[in-house]
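> kindly generate the corresponding structure for this input.
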Amino acid sequence: MRLTGALVRAVLVGIVIATPSLLLSHPNAESNEVVALLALFAAVLTFVEYAVVSPSLIEFRDAPPFNRIRILSLFVTVFMLTMIARGVTSATPMTELVTAVGALIGNAMDFPFSPVRLVTNAAPASTPTESLILLQASAGMAYLVSLVTLAIFLIILRLWNWPSQYAQFNVWINLPTFDPTVGGDVVKRLTRDAQVNIALGFSLPFLIPICFYYATDVFAPLTLGSAQTLIWVMALWAFLPASLFMRGIAMHRVAQMIDAKRSALSRAASRALQPA
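Below is the predicted model of the structure:
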């Protein structure tokens, strides 16, 4: 059963990575080979992480739907951005609808110092107007998906009391990169790491475009010269902050669970020591 689940997850991860290459027409065979190699590597890594008893990289493996929400969010983002890029050469009602929604959100969020405005401002001054419109629509769509992802996760956290519904929730298996033996109190460290992740999740949508702005020689050809690169840059620009937000919220939730467990054990021990 574990191997079957790991295999299914590995195939899904490979499909997510290969989606732009499958839906866009690219005569460059080398580009398709690179995408296939990356998809294979990610699929093998996912299979190994879910097949072994104790993972080494993937967090919250045994606490669904945390990773399911993240991979679904990434797939929806990549698929929507692929539809926008596909509409440039092969317009269909689907691509026109997605592009219109992305343009609407992009225009609504295009105000001073907003993440979308920073993304468009990071493009070179010589960028054609059509490319700027495409960039704005892609940024708007990617940011919309990330906001919806966070809303869904918060709803699940509130209604399902995630991850408390899992009686056998193992903190150390679900946080394999967190070493409980290093540093001070575990609850304080988890809370601190949660705050750092939330702060990064809030800052990255603003910091990434600024970094691109000061690296124009790299940003311009990568973003506007290749449809696949544009898709992945915009997808990661929106997905990474949302993923960090989710990780920070989840770690804070785990810290609350540990603290509540300690308090319950302390009260039980106090009652046991009271004289009859």
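> how about the helices in the stretch 101-250 of the chain?
For the stretch 101-250 of the chain, the helices defined by DSSP state H, counting those that start in this stretch cover 115-121, 129-159, 171-174, 186-213, 216-224, 227-273.
> so where's the stretch 101-250 of the chain shaky on pLDDT?
By pLDDT under 70, the weakly predicted segments of the stretch 101-250 of the chain are 165-167, 215-225.
> can you tell me the SS state at A6?
helix (DSSP: H, G, I helix; E, B strand; the rest coil).
> check contacts around it.
In this structure, A6 makes contact with 46-51, judged by C-beta atoms under 8 Å, 6 or more residues apart in numbering. All C-beta spots, glycine's among them, are computed from the backbone N, C-alpha and C.
> do you know which of the helices of the stretch 101-250 of the chain lies nearest R86?
Taking C-beta to C-beta, helix 227-273 is the member of the helices of the stretch 101-250 of the chain nearest to R86, at 8.2 Å.
> what is the closest one packed up against?
helix 2-23, helix 66-89, helix 129-159, helix 171-174, helix 186-213, helix 216-224 (3 or more C-beta pairs under 8 Å, 6 or more residues apart in numbering; DSSP states H and E).
> buried residues in the third one?
What it means is helix 129-159. 131, 133-146, 149-150, 153, 156-157 (16 or more other C-beta atoms under 10 Å).
> so for F66, what's the pLDDT?
pLDDT, F66: 94.
> what's the distance between L118 and L147?
Distance of L118 to L147, given as C-beta to C-beta, to the nearest Å: 16 Å.
> what about F75, distance to L12?
Separation of F75 from L12 (C-beta to C-beta): 8 Å.
> swap that for T99, sorry
Distance, T99 to L12, using C-beta to C-beta: 26 Å.
> which one of those two has more residues nearby?
Applying other C-beta atoms under 10 Å to T99 and L12 shows that T99 carries more neighbours, namely 24 against 15.
> so what's that one up against?
When contacts are counted by C-beta under 8 Å, 6+ apart, T99 touches 83-84, 87, 137.
> what angle do helix 66-89 and the helix or strand that it is a member of make with each other?
Per DSSP states H and E: T99 is located in helix 93-108. Calculated by axes from the mean of the first three to the mean of the last three C-alpha atoms, to 10 degrees, helix 93-108 forms an angle of 100 degrees with helix 66-89.
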